[in-house]
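> Got a sequence here, can you build the structure:
(one chain, ligands or ions: 1)
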Amino acid sequence: MYEVPKYFPTTIVGSYPKIPPSEELIRKRKKGLISEEEFHELVKPSIKAVIDDYLEAGVDILSDGEQAREDMVAYFAERLKGYKGGEWVRIFDNVYFRKPVIVDEIEYVQPMAVMDWVYASSVSKGRPVKAILTGPYTMADWSFDLHYGDRRELVIALARVIRKEVEEFVKRGAKYVQIDEPALSTRPFKEEVEIVNEALHVIFDGINAKKIVHICFGKIEKILEYLLDFPIDQFDFEFKNSNFRLLPYLVEYGFDKELGYGVIDVHSTRVEDVDEIFNDIKKLVDTGLLGPEKIFVDPDCGLKRLPREIAVAKLKNMVKAAALAREKLV
Ligand SMILES: [Zn+2]
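Got it, this is the predicted structure:
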């Protein structure tokens, strides 16, 4: 078994550029031209290519690159009972996304993302692969609800089905479970954080794995003091894109959980160089807030919108910078 470095381990947030033929397979699956089983079988070479890129870069804790997911909400909505096919909604300008509709009680049917994780873990040369799931708050926020009529109730109903999926992962040996809640930073209010906190208890209480929540962009500092009560081991936040704006707030509130520390800008194709990333790691170390065993070095968010060669180049430099940090900052 691969041993994850004790200090400054490197990881990723989850998504990766789509590697052919994954997008074509997603389309075929949607049209019913291939079954769910065939789909997960045929997407394996894309997952393997992602893992090979991570291994080439030297990342410690991996993901399946979300090669099977065309978007983080629709993928799960299509595999749960209670949802029906969505409608296209305009987000801005000519950017549309399909908002799934909830028409009945949400029910768990069968494992949704577990098989891709099992395969990824079988080709990761012993490196751990994170189980990554879209959180109930984001699922609720990016769906049309025609059944529950109450956001809290809906979020908790989604949390119950997500818990079932988490149990399936842990049963198969997942050691890291990450819940992605990007929608929370779009509504940074105490009442919303409390709903998510309750949902996380539903998902994680009694689960034996490292419990991680990823939230990105938006005004996280407005809700940081409430976030610290979450029943989790690790937060994963974006820092690079916002020029480390959140850092002084972490110090102010005495943040003491593990931190997935985003040092790679996923909105820019510029490849950060090793010294730059090292200095960004040092920024956090210099605050004295967290020991190196609590700092997980990673990109701000998923890498899916970057060209693949840029994504690899960024990860390579990130891994080198973490190694340098182990040498000089421990
Ligand atoms: Zn993100």
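> Stretch 229-238 spans what distance, first to last residue?
With C-alpha to C-alpha, to the nearest Å applied, stretch 229-238 spans 19 Å between its terminal residues.
> How far away from the center of its chain is that stretch?
Relative to its chain's centre, stretch 229-238 lies at 12 Å (C-alpha atoms, centre = their mean, to the nearest Å).
> next one: stretch 317-324
Distance, centroid of stretch 317-324 to centroid of chain: 21 Å (C-alpha atoms, centre = their mean).
> Could you point out the helix or strand that follows the worst-scoring helix or strand of the chain on mean pLDDT?
Ranking every helix and strand in the chain by mean pLDDT, DSSP states H and E puts strand 81-92 at the bottom, with a mean of 75. Using DSSP states H and E, the helix or strand that follows strand 81-92 towards the C-terminus is strand 95-107.
> Averaged pLDDT, that following strand. What do you get?
Strand 95-107 shows a mean pLDDT of 86 in the predicted model.
> Over to stretch 6-20?
Summarised as a single mean, pLDDT over stretch 6-20 is 98.
> Go through that stretch and flag the buried ones.
7-19 (16 or more other C-beta atoms under 10 Å). Just so you know, the C-beta spots here come from the backbone N, C-alpha and C atoms, and that holds for glycine as well.
> Using CSV, write out every CA atom in that stretch.
In CSV, the C-alpha atoms belonging to stretch 6-20 read as follows (Å, rounded to 0.1, in the frame of the first residue of the first chain):
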residue,chain,number,x,y,z
LYS,A,6,2.6,12.8,6.6
TYR,A,7,3.3,16.4,5.8
PHE,A,8,1.8,18.5,2.9
PRO,A,9,0.2,15.5,1.1
THR,A,10,-1.0,16.5,-2.4
THR,A,11,-4.5,15.9,-3.7
ILE,A,12,-7.1,17.1,-6.2
VAL,A,13,-10.6,18.4,-5.8
GLY,A,14,-12.2,16.0,-8.2
SER,A,15,-13.1,16.7,-11.8
TYR,A,16,-10.5,16.5,-14.7
PRO,A,17,-10.7,17.4,-18.4
LYS,A,18,-12.9,14.9,-20.2
ILE,A,19,-10.8,12.3,-22.0
PRO,A,20,-12.3,10.7,-25.1
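> and that stretch, anywhere near the ion?
No: using C-beta under 5 Å from the ion, stretch 6-20 never reaches the ion; the gap is at least 5.7 Å.
> now that stretch, how far from the centre of its chain.
Centre-to-centre, stretch 6-20 and its host chain are 9 Å apart (C-alpha atoms, centre = their mean).
> try stretch 125-137
On C-alpha atoms, centre = their mean, the centre of stretch 125-137 falls 7 Å from that of its chain.
> Ok, stretch 57-71 next?
9 Å.
> Stretch 203-220 now?
So, by C-alpha atoms, centre = their mean, the centroid of stretch 203-220 is 9 Å from its chain's centroid.
> could you pull out the helices for the stretch 151-300 of the chain?
All helices of the stretch 151-300 of the chain, identified by DSSP state H, counting those that start in this stretch, fall at 151-171, 190-204, 224-227, 247-252, 274-286.
> Now render these as JSON lines, adding distance to Glu293 and mean neighbour count.
Shown next, in JSON lines, are these (distance: least, C-beta to C-beta, whole Å; neighbours: other C-beta atoms under 10 Å):
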{"stretch": "helix 151-171", "distance to Glu293": "23", "mean neighbour count": "20"}
{"stretch": "helix 190-204", "distance to Glu293": "21", "mean neighbour count": "19"}
{"stretch": "helix 224-227", "distance to Glu293": "21", "mean neighbour count": "18"}
{"stretch": "helix 247-252", "distance to Glu293": "17", "mean neighbour count": "16"}
{"stretch": "helix 274-286", "distance to Glu293": "12", "mean neighbour count": "18"}
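> what would these look like in JSON lines with mean pLDDT?
Below are the helices of the stretch 151-300 of the chain laid out as JSON lines (pLDDT from 0 to 100):
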{"stretch": "helix 151-171", "mean pLDDT": "98"}
{"stretch": "helix 190-204", "mean pLDDT": "98"}
{"stretch": "helix 224-227", "mean pLDDT": "96"}
{"stretch": "helix 247-252", "mean pLDDT": "97"}
{"stretch": "helix 274-286", "mean pLDDT": "98"}
